[in-house]
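**Student:** This is a predicted model, with the sequence first.
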Amino acid sequence: MTSMFLRTTATATALFALLAGSASAATLTRPLDPCYVVATEAQRQSVLVEAEGFTPFSKVDIFVDEVLQDQPPTLWDGKISGRVLAPWSEVGQRAFTLRVSEPAKPENTIEATSLVTRLSVQQSPSRARTADRVRFRGSGFLQAGLPVYAHYVFAGKARKTVKLNVPQGPCGTFSVKRRQFPFKNSPRVGVWTIWFDQNPRYDPKAAGTRVPMTIKVRRTTKQGSASSLPR
């Protein structure tokens, strides 16, 4: 009994010392990603928040662009681990600020910035003949070093796949000029879907980032066909 009591006392003393020394300057133990992707307001990438240096068994506030998102409790060692959603971005990319603060001890505050981008692909001009060269611009393709592919799908089947470009920058942007339909012959009249992703083969069940672009192809009075993007 005596030895058990001594061991318990020693453990309690060590734990008390650890708790007392853990309330130091708060820092992130995992840096933010360079960029986060949002597709819609309901489809936004999670931001993993891991930090230390807070008062044990307290609560902290997590803000994104000064809007309170969560209030997770701290653990016995003053650490926290949680997730919040990246902020919505209507178009393009922008910076946002993450702030983690302990209300009872304001000096324990962390601020960090990152980028958020809208997952999108746009064509300009929006209306073109199928043989015309158009510019495809996209963002949100974050698999570093892998090119973006365009899969031309008609009636549920992939008719052609072309490699576009390797996205650049923290938010995976690309801009490339190509024929709207890189076919030898004019495409069939009807509704086509161009799927943009980073997979070299079309797979409708593949995981990862994918953006569909719907194009309605119609015959014109001139030789060939024309296409337009619905709004």
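**Tutor:** On my side now, so go ahead. Residues are numbered from 1 along each chain as shown.

**Student:** and the closest residue to Gln123 other than its chain neighbours, what is it in contact with?
**Tutor:** Closest residue to Gln123 apart from its sequence neighbours, by Cβ to Cβ, 6 or more residues apart in numbering: Val134 at 5.2 Å. (C-beta placed from N, C-alpha, C; glycine too.) Val134 sits next to 123-125, 128, 177-180 when contact means Cβ atoms under 8 Å, 6 or more residues apart in numbering.

**Student:** Val217 and Asn199: what is the separation?
**Tutor:** To Asn199, Val217 is 24 Å away according to Cβ to Cβ, to the nearest Å.

**Student:** wait, I meant Lys184
**Tutor:** 24 Å.

**Student:** Which one of these two is surrounded by more residues?
**Tutor:** Counting neighbours by other Cβ atoms under 10 Å for Lys184 and for Asn199 shows that Asn199 has the greater number, 18 against 4.

**Student:** Report the residue ranges of every domain in this protein.
**Tutor:** Domain assignment for the chain, taken from automatic domain parsing, gives 22-118, 120-228.

**Student:** Now tabulate those in CSV and tack on mean pLDDT.
**Tutor:** Listed next are these as CSV, based on pLDDT from 0 to 100:
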stretch, mean pLDDT
domain 22-118, 95
domain 120-228, 92
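
**Student:** Would you give the sheet partners of the strand or helix carrying Phe96, along with the direction of each?
**Tutor:** Using DSSP states H and E, Phe96 maps to strand 93-101. Using DSSP bridges, strand 93-101 pairs in its sheet with strand 61-64 (antiparallel), strand 109-118 (antiparallel).
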